[in-house]
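Asker: give me the fold of what follows.
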Amino acid sequence: MNMKFNKNEDHNKLLVSSLNHKLKRVKLGGGEKRIEKHHAKGKMTARERIDFLLDDKSNSLEIGAFAGEGMYEEHGGCPSGGVVVKIGYVSGKQCIVVANDATVKAGAWFPITGKKNLRAQEIAIENRLPIIYLVDSAGVYLPMQDEIFPGKEHFGRIFRNNAVMSSMGITQIAAVMGSCVAGGAYLPIMSDEALIVEKTGSIFLAGSYLVKAAIGESVDNETLGGATTHSEISGVTDYKAKDDKDALTRIKNIMDKMGDFDKAGFNHKKAVKPKDKQEDIYGILPKKRSDQYDVREIISRLVDGSEFEEYKEGYGQTIITGYARIDGWAVGIVANQRKIVKTKKGEMQFGGVIYSDSADKATRFIANCNQKKIPLVFLQDVTGFMVGSKSEHGGIIKDGAKMVSAVSNSVVPKFTIIMGNSYGAGNYAMCGKAYDPRLIAAWPSAELAVMGGTQAAKVLAQIETASMEKKGEKVDEEKEKEVFEAIKSRYDEQTSPYYAAARMWTDAVIDPLDTRKWISMGIEAANHAPIEKDFNLGVIQT
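Answerer: Below you'll find the model as predicted:
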């Protein structure tokens, strides 16, 4: 191994170590003291509930672990958005589990909580996955009600989705294991089956204090909406459980009786590990964003047997396309090449940039995968499309539009891994969040932005110094540098993968060695949903 490999390896392993440290902190939810208080009530935490429910807690994917990270500090923070979401297996059935974390503001809903819950439902709808809700929430976080209550992507959309999923035949099971109040009370009742835990579970549109204020009636919460009331009088719930474990065991038993599902029929064979050492990814991926590397070296460490059938190998070389298998599943891979390449015409093409020929190749390949019903995997490390008069005259906008159209209209499931840069329109063409990937994850080395920090800071610094000079302020070289560094620091923070994950622009920040698992479980989930429409590229300029 050369010196550069070792430096890259050290750098990327440090990034993964930092990721694991951040995850460990996030998993404490509201903190150890609040966890102790939660246990004192005889309740399990959200994560403990999910771990008990899943067949194997290690064989799962967590969605949105960093949701809300650093976003609500003035309100005391909202770790993981106050809700834990995982894709896993219950009684052998793949499903998605959503559990309110009552150690975070009593499970109250912040704006990001709503966004994360809607993402969980979106995954269930797209993949026809059963969804299990473990309810323990005080309802909307009132100081921010204007950001979560009335909009299309707000709290109320969740109940609309409950109804839509029911009409689609997607199984929904809810266990009320704590508070379930106001509008939130509709969620378990709009599910197929609802359970409630004795003494700790309660469901009502208004609690005892509000009832007293509104209509003058004096009643305690247990009588108003406790387990006995809803299991024996109102008939709102279907099962009464004695404690958390009893409720979770009943859910396992219900899932155990479920029939099989119609399959999409994606090609699958026995999984084979890559021949090339997966850990080498740490040493291959450069520390410096200006350094080159061959993305085929990454691909060979992600695919079964390190076997990759490259499509149009000598054409459009800043995007690599080809067929492979990941954990047994057939996939089509579209990957940015960050290596400077030379065309047959003798022209040099910069790595990580999409040229007309690369966009043309990717468009054709995406169409082929749709024709063959092969899921697509996008490996992003892109700075954008090539600019300049030569590219413009050559129709880069037209060729880029073709690629964006192909990605937009693709009917096979798409999965996106952001390995490095994800800038500008390159993010769009390589199936960024706006283009409906079934799952989208970033490595700790990822950056998401309109452009790189240095370039953006230069542009913004020029604008700011020009504005200062217009006001008659003296701007010398030292002042220019000060302005530049301040802007770059702010911009770099916003390009962080954790900044993106906090806002649910990605589903997770993951260790590169978990990439195969994310894609494999993602395709398995997608296999629950047969493709119901044909691929149509739409109207494009040729």
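Asker: show me what counts as buried in stretch 259-268.
Answerer: 261, 264, 266, 268 (16 or more other Cβ atoms under 10 Å). For every residue, glycine as well, the C-beta is placed using N, CA and C.
Asker: can you check stretch 346-366 too?
Answerer: Buried residues in stretch 346-366 (16+ other Cβ under 10 Å): 349, 351-366.
Asker: same deal with stretch 267-279?
Answerer: For stretch 267-279, the neighbour count (16+ other Cβ under 10 Å) marks 268, 274, 276, 278 as buried.
Asker: those residues: which two are farthest apart?
Answerer: Using Cβ to Cβ, these reach their maximum pairwise distance at 268 and 276, which is 22.2 Å.
Asker: show the subsequent helix or strand relative to the longest helix seen in the chain.
Answerer: When the chain is scanned for its longest helix (criterion: DSSP state H), the result is helix 3-26. Heading C-terminal from helix 3-26, the first helix or strand you meet, by DSSP states H and E, is helix 32-40.
Asker: average model confidence for that following helix?
Answerer: When pLDDT is averaged over helix 32-40, the result is 95.
Asker: what comes into contact with it?
Answerer: Outside helix 32-40, the residues that touch it by Cβ atoms under 8 Å, 6 or more residues apart in numbering are 28-29, 44-45, 102-104.
Asker: what's the answer for stretch 348-364, then?
Answerer: The contact list for stretch 348-364, computed with Cβ under 8 Å, 6+ apart, reads 292, 311-312, 315-319, 321, 334, 336-343, 381-386, 391, 394-396, 399-400, 402-403, 405-406, 420-421, 426, 429.
Asker: what about that stretch, start to end distance?
Answerer: End-to-end span of stretch 348-364 (Cα to Cα, to the nearest Å): 23 Å.
Asker: tell me how far it lies from the chain's centre.
Answerer: In terms of Cα atoms, centre = their mean, to the nearest Å, the centre of stretch 348-364 is set 27 Å apart from its chain centre.
Asker: give me the mean pLDDT for it.
Answerer: 91.
Asker: ok, what's across the strand from residue 416?
Answerer: residue 378, residue 440 (DSSP bridges).
Asker: contacting residues around residue 320?
Answerer: Contacts were defined as Cβ under 8 Å, 6+ apart; by that measure residue 320 touches 295-296, 299, 310, 333-337.
Asker: now with 10 Å?
Answerer: Residue 320 is in contact with 294-296, 298-299, 308, 310-313, 333-337, 339, 358, 361-362, 365, 379, counting by Cβ atoms under 10 Å, 6 or more residues apart in numbering.
Asker: so in that sheet, which strands flank the helix or strand where it lies, and in what orientation?
Answerer: Element membership for residue 320 (DSSP H and E) is strand 319-326. Here strand 319-326 has these sheet partners by DSSP bridges: strand 309-311 (antiparallel), strand 329-336 (antiparallel).
Asker: average pLDDT for that strand?
Answerer: Strand 319-326 shows a mean pLDDT of 98.
Asker: so in this protein, where's the weakest helix or strand by average pLDDT?
Answerer: Using mean pLDDT, DSSP states H and E, helix 453-470 stands out as the lowest-scoring helix or strand of the chain, at a mean of 75.
Asker: which strands and helices lie in contact with the helix or strand where residue 121 lies?
Answerer: If you go by DSSP H and E, residue 121 is part of helix 111-127. For helix 111-127, the packing partners by 3 or more Cβ pairs under 10 Å, 6 or more residues apart in numbering; DSSP states H and E come out as strand 61-63, strand 83-90, strand 93-100, strand 131-137, helix 157-168, strand 439-442, helix 515-526.
Asker: export these to CSV and tack on mean neighbour count?
Answerer: CSV is the format used below for the helices and strands packed on helix 111-127 (neighbours: other Cβ atoms under 10 Å):
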stretch, mean neighbour count
strand 61-63, 22
strand 83-90, 24
strand 93-100, 24
strand 131-137, 27
helix 157-168, 16
strand 439-442, 26
helix 515-526, 22
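Asker: tell me which of the strands paired with strand 319-326 is the most buried.
Answerer: Among the strands paired with strand 319-326, ranked by average contacts under mean count of other Cβ atoms under 10 Å, first place goes to strand 329-336 (a mean of 25).
Asker: report the angle between it and helix 515-526.
Answerer: 120 degrees (axes from the mean of the first three to the mean of the last three Cα atoms, to 10 degrees).
Asker: immediately after strand 329-336, which helix or strand?
Answerer: Heading C-terminal from strand 329-336, the first helix or strand you meet, by DSSP H and E, is strand 341-342.
Asker: what is that following strand packed up against?
Answerer: strand 348-349.
Asker: the strand it packs on pairs with which strands, and in what direction?
Answerer: strand 341-342 (antiparallel).
Asker: now find how far off-centre the partner strand is within its chain.
Answerer: A distance of 34 Å separates the centroid of the chain from that of strand 341-342, by Cα atoms, centre = their mean.
Asker: got it, and stretch 152-166?
Answerer: 19 Å.
Asker: same question for stretch 315-334.
Answerer: Distance of stretch 315-334 from its chain centroid, counting by Cα atoms, centre = their mean, is 22 Å.
Asker: can you give me the end-to-end span of that stretch?
Answerer: 14 Å.
Asker: low-confidence ranges in the stretch 51-200 of the chain?
Answerer: 183 (pLDDT under 70).
Asker: and the strands paired with strand 319-326: which comes nearest residue 230?
Answerer: Among the strands paired with strand 319-326, the nearest to residue 230 by Cβ to Cβ is strand 329-336 (43.3 Å).
Asker: roughly how far apart are residue 157 and residue 56?
Answerer: Separation of residue 157 from residue 56 (Cβ to Cβ, to the nearest Å): 32 Å.
Asker: same deal with residue 290?
Answerer: From residue 290 to residue 56 the distance is 42 Å (Cβ to Cβ).
Asker: about what we covered before: CSV please, covering the buried residues of stretch 259-268 and showing secondary structure.
Answerer: Shown next, in CSV, are those (DSSP: H, G, I helix; E, B strand; the rest coil):
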residue, secondary structure
261, coil
264, coil
266, coil
268, strand
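Asker: export those residues as a markdown table, with columns for distance to residue 12.
Answerer: Formatted as a markdown table, those follow (distance: Cβ to Cβ, whole Å):
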| residue | distance to residue 12 |
| --- | --- |
| 261 | 39 |
| 264 | 35 |
| 266 | 31 |
| 268 | 31 |
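Asker: ok, so of the residues you listed, who is nearest residue 371?
Answerer: So of the buried residues of stretch 259-268, ranked by how close each gets to residue 371 (Cβ to Cβ), first place is residue 266, at 14.0 Å.
Asker: could you dump the helix or strand containing residue 422 to CSV, C-alpha only?
Answerer: Following DSSP H and E, one finds residue 422 within strand 414-423. Extracted as CSV, the C-alpha positions of strand 414-423 are listed here (Å, rounded to 0.1, in the frame of the first residue of the first chain):
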residue,chain,number,x,y,z
LYS,A,414,-33.5,3.6,-7.5
PHE,A,415,-31.0,3.7,-4.7
THR,A,416,-28.5,6.5,-4.2
ILE,A,417,-25.2,6.5,-2.3
ILE,A,418,-23.4,9.9,-1.9
MET,A,419,-19.8,9.0,-1.6
GLY,A,420,-18.2,12.4,-2.1
ASN,A,421,-19.3,15.5,-3.9
SER,A,422,-22.9,16.1,-4.7
TYR,A,423,-23.1,19.5,-6.3
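Asker: quick one: average pLDDT of the very next helix or strand once past that strand?
Answerer: The C-terminal neighbour of strand 414-423 among helices and strands, as given by DSSP H and E, is helix 424-429. Mean pLDDT, computed over helix 424-429, is 93.
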